[in-house]
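Colleague: Just to be clear, the model below is a prediction. Sequence and coordinates:
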Amino acid sequence: MNQAFAIESAGYTRFSFQRVGRVLVAVITSEHPVNGVDGIMHEELSRVFADMQRDSDSDIVVLTARGSAFCAGGDFDWFQQQIDDPASFRAIAWDAKRIVSSLLEMEKPIICRLNGAAAGLGATLALLCDVIIADENAVIGDPHVKVGLVAGDGGALIWPQLVGYAKAKELLLTGDMLTATEARELGLINHAVPADQLDIKVQEVVEKIQANPRWAVRWTKSVVNIPLRALAAQTMDAAIGWESVSNFQTDRREAVAAMREKRPPNLTGE
């Protein structure tokens with residue numbers, strides 16, 4: 001017999017959890033004003049989805065965030081630490097791959113309640129969910145290139161699958177952000193609704209899924225994700241590897257400095 005497990009017992013500091021019946025609401029509660037990812041949050045992301053799957057008293061997960069943003073990607077203090085100590089970037093490679101693989105391996109349906117901006121890894125987290133429902137005022141994009149990094153932590157994997165290679169390459173190579181309405185029109189997300197309708201729409205989708213037999217739902221999701229899991233296995237080692245290499249580049253240091261100083265970067269091509 002499987003031993004009961006409650007995710008609240010796992011000691012998370014960047015997530016809080018609420019329950020509505022057998023729905024687990026996982027809330028990103030970073031101390032960062034726009035829920036930027038730091039070292040602690042990155043480590044927690046590498047195990048939270050496996051723990052959501054193990055959680056005994058839930059069948060559906062809703063992933064959302066506290067505050068006005070969903071997750072704006074990497075924290076710039078953390079970026080600077082990685083530039084100053086490249087070994088610290090190398091050290092997170094396994095966790096980076098596990099974030100993607102554990103999201104794709106989850107059997108339970110996971111709905112993204114996109115309450116605000118999602119960028120970089122934040123966008124990857126949203127797009128690897130099963131249904132994405134956004135506040136129409138939210139924006140989403142993967143601006144890794146703007147901070148001198150390869151979009152290696154899942155963006156290069158999932159964007160082409162959702163919007164096709166031509167549009168995905170345009171967005172990943174420019175780092176442009178999309179409004180939620182634009183994202184819905186492209187098929188990147190499922191729904192973009194007014195802020196006061198966000199919870200209503202999430203609940204509507206939750207109830208539709210809950211009305212179906214649990215195991216049919218879980219295993220249908222598992223089958224649908226087989227090609228994505230195979231693609232992740234084929235690409236993530238190289239993606240994280242190239243992202244690690246890009247962290248060594250001179251333009252990476254300058255791009256981060258320019259962002260922090262709110263000025264145009266002086267790029268040299270190195």
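Modeller: Everything's here; your move. Numbers count the residues shown, from 1 in each chain.
Colleague: low pLDDT regions in the chain?
Modeller: By pLDDT under 70, the low-scoring segments of the chain are 1-2.
Colleague: quick check: longest helix of it.
Modeller: The residue-count maximum for a helix in the chain (DSSP state H) belongs to helix 226-246.
Colleague: what about the helices in the stretch 51-200 of the chain?
Modeller: 76-84, 86-90, 93-105, 121-127, 155-163, 165-174, 180-186, 198-210 (DSSP state H, counting those that start in this stretch).
Colleague: and N137, which of those is closest to it?
Modeller: helix 180-186 (7.1 Å; CB to CB). In this view, the C-beta of every residue, glycine as well, is placed from N, C-alpha and C.
Colleague: Which elements pack onto the closest one?
Modeller: Helices and strands touching helix 180-186, by 3 or more CB pairs under 8 Å, 6 or more residues apart in numbering; DSSP states H and E, are strand 131-135, strand 139-141, strand 191-193.
Colleague: Put together CSV for these, with mean neighbour count on each row.
Modeller: Output for the helices and strands packed on helix 180-186, formatted as CSV (neighbours: other CB atoms under 10 Å):
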stretch, mean neighbour count
strand 131-135, 25
strand 139-141, 25
strand 191-193, 20
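Colleague: how much does the longest helix of the chain deviate in direction from helix 76-84?
Modeller: On the basis of axes from the mean of the first three to the mean of the last three CA atoms, to 10 degrees, helix 226-246 is oriented at 60 degrees to helix 76-84.
Colleague: List the contacts of the closest residue in space to L45 that isn't next to it in sequence.
Modeller: Distance criterion CB to CB, 6 or more residues apart in numbering; nearest residue to L45, sequence neighbours excluded, is I99 at 4.8 Å. Residues near I99 by CB atoms under 8 Å, 6 or more residues apart in numbering: 42, 45-46, 49, 121, 124-125, 153-154.
Colleague: Which members of these define the maximum pairwise distance?
Modeller: Using CB to CB, the pair of the contacts of I99 lying farthest apart is F49 and D153, separated by 14.2 Å.
Colleague: Tell me which of the two has more neighbours.
Modeller: D153 (30 against 25; other CB atoms under 10 Å).
Colleague: which residues touch that one?
Modeller: With CB under 8 Å, 6+ apart, D153 has these contacts: 96, 99-100, 120-121, 124, 144, 239-240, 243.
Colleague: same check, this time on K97
Modeller: Going by CB under 8 Å, 6+ apart, the list of residues near K97 reads 236-237, 240.
Colleague: Same question for W159.
Modeller: Contacts of W159 (CB under 8 Å, 6+ apart): 127, 142, 151, 168, 171-172, 188.
Colleague: what's the answer for V223, then?
Modeller: Applying CB under 8 Å, 6+ apart, no residues contact V223.
Colleague: Please report how far the spatially closest residue to M106 that is not a sequence neighbour lies from L24.
Modeller: Once flanking residues are discounted, M106 sits nearest to Q53: 5.0 Å by CB to CB, 6+ apart. Noted for Q53: a distance of 10 Å to L24, by CB to CB, to the nearest Å.
Colleague: which of these two has more neighbours?
Modeller: L24 (23 against 18).
Colleague: partners of the helix or strand hosting that one in the sheet?
Modeller: Assigned by DSSP states H and E, L24 belongs to strand 23-28. Paired neighbours of strand 23-28 in the sheet (DSSP bridges): strand 15-20 (antiparallel), strand 60-65 (parallel).
Colleague: Name the stretch among these that sits most buried.
Modeller: Most buried of these, by mean neighbour count (mean count of other CB atoms under 10 Å): strand 60-65, with a mean of 24.
Colleague: got a list of contacts for that strand?
Modeller: Contacts to strand 60-65, defined as CB under 8 Å, 6+ apart, come from residues 22-29, 35, 52, 70-71, 106, 108-116, 125-126, 129, 202, 206, 209-210.
Colleague: what's stretch 126-136 in contact with?
Modeller: Counting by CB under 8 Å, 6+ apart, residues outside stretch 126-136 touching it are 63, 70-71, 100, 103-104, 109-116, 118, 140, 154, 158-159, 162, 179-181, 183-184, 188-195, 198, 201-202, 205, 221.
Colleague: can you rerun that using 6 Å?
Modeller: 103, 109-112, 114-115, 118, 158, 180-181, 189-195, 198, 201-202, 205 (CB atoms under 6 Å, 6 or more residues apart in numbering).
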